[in-house]
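>>> just need the structure, nothing else, for what follows:
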Amino acid sequence: AASDVYKRQKDVNPEYGSIQKLHSRNTNLVTLCEDKCLSILANKDALFNADGSANITSNKAVLGQAQAYAGEFGISKNPESFAAYGFRSYFSDKNRGAVIRLSMDGITPISEAGMSDWFKDNLRAPHETLIGSYDDKKNEYNITFSNDTIETTGGHGLANIQLNQSALARGEGGGPSSGE
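Residues are numbered from 1 along each chain as shown. Predicted coordinates for the structure are as follows:
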């Protein structure tokens, strides 16, 4: 019935922008909006005690409590930049000029590992696409930019960036390579 459909909808704060990407992780739903990242409980809900602690309860509603991740990042309007491997997800936030890793310990702007200026300049430029992928053999998140304004050591047009997990742990980033 139509009333059942309305019961299954989940409203998200409109200040977060539109929902751009949904991704299942554990038994929750990672929800990436333009300006915020949320975890929505699936088939369960949180009941809060007077002291602020939460108790999880089973719920017939499809989606329960929406909990925002700390940090002011979203996926902008680029869900194609999303890639996941294990418990880690990666994506770009074009509005803030950042590349983000969302893992079990929360949000980390990994573009700040030695390349923050480059990403702030180049992510905010007009792009046809921002394609994300994960190379599990090299432990690298790859993001490919496609436009005519990016300058790399090889020229204009296409830039592929690799952000290596081991290098990020040491505070190093990755680097652009020409795709021409």
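>>> when you work out contacts or count neighbours from here on, use the C-alpha atoms and nothing else.
OK.
>>> doesn't residue 25 make contact with residue 41?
No: judged on C-alpha atoms under 8 Å, residue 41 makes no contact with residue 25 at a distance of 10.2 Å.
>>> among those two, which residue is more densely surrounded?
The neighbour comparison of residue 41 against residue 25 (other C-alpha atoms under 10 Å) goes to residue 41, with 21 against 15.
>>> next, residue 119: phi, psi?
phi -70, psi -40 (degrees, to the nearest 10).
>>> could you report the neighbour count for residue 78?
There are 19 residues near residue 78, going by other C-alpha under 10 Å.
>>> residue 30 too?
Other residues close to residue 30 by other C-alpha under 10 Å number 23.
>>> residue contacts, it?
22, 23, 24, 37, 38, 39, 40 (C-alpha atoms under 8 Å, 6 or more residues apart in numbering).
>>> same check on residue 81?
The contact partners of residue 81, taken as C-alpha under 8 Å, 6+ apart, are 90, 91, 92, 130, 131, 132, 133, 143.
>>> now those as TSV including neighbour count, pLDDT and secondary structure?
Below are those laid out as TSV (neighbours: other C-alpha atoms under 10 Å; pLDDT from 0 to 100; DSSP: H, G, I helix; E, B strand; the rest coil):
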residue	neighbour count	pLDDT	secondary structure
90	25	95	strand
91	29	96	strand
92	31	94	strand
130	22	87	strand
131	19	89	strand
132	23	91	strand
133	19	91	strand
143	26	88	strand
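>>> in this protein, which spans are strands?
19-25, 28-33, 37-48, 54-68, 83-85, 88-93, 98-103, 106-109, 129-135, 140-152, 155-164, 175-178 (DSSP state E).
>>> before we move on, back to that, and the contacts of residue 30 as CSV, adding pLDDT, distance to residue 111 and neighbour count?
Formatted as CSV, the contacts of residue 30 follow (pLDDT from 0 to 100; distance: C-alpha to C-alpha, whole Å; neighbours: other C-alpha atoms under 10 Å):
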residue, pLDDT, distance to residue 111, neighbour count
22, 92, 22, 15
23, 92, 22, 15
24, 87, 24, 12
37, 96, 17, 26
38, 94, 21, 22
39, 91, 22, 20
40, 84, 26, 24
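>>> closest to residue 74 among those?
Checking the contacts of residue 30 against residue 74 by C-alpha to C-alpha gives residue 37 as the nearest, at 5.5 Å.
>>> and that closest one, how far from residue 81?
Going from residue 37 to residue 81 by C-alpha to C-alpha, to the nearest Å gives 14 Å.
>>> then residue 106?
Per C-alpha to C-alpha, residue 106 is found 18 Å from residue 81.
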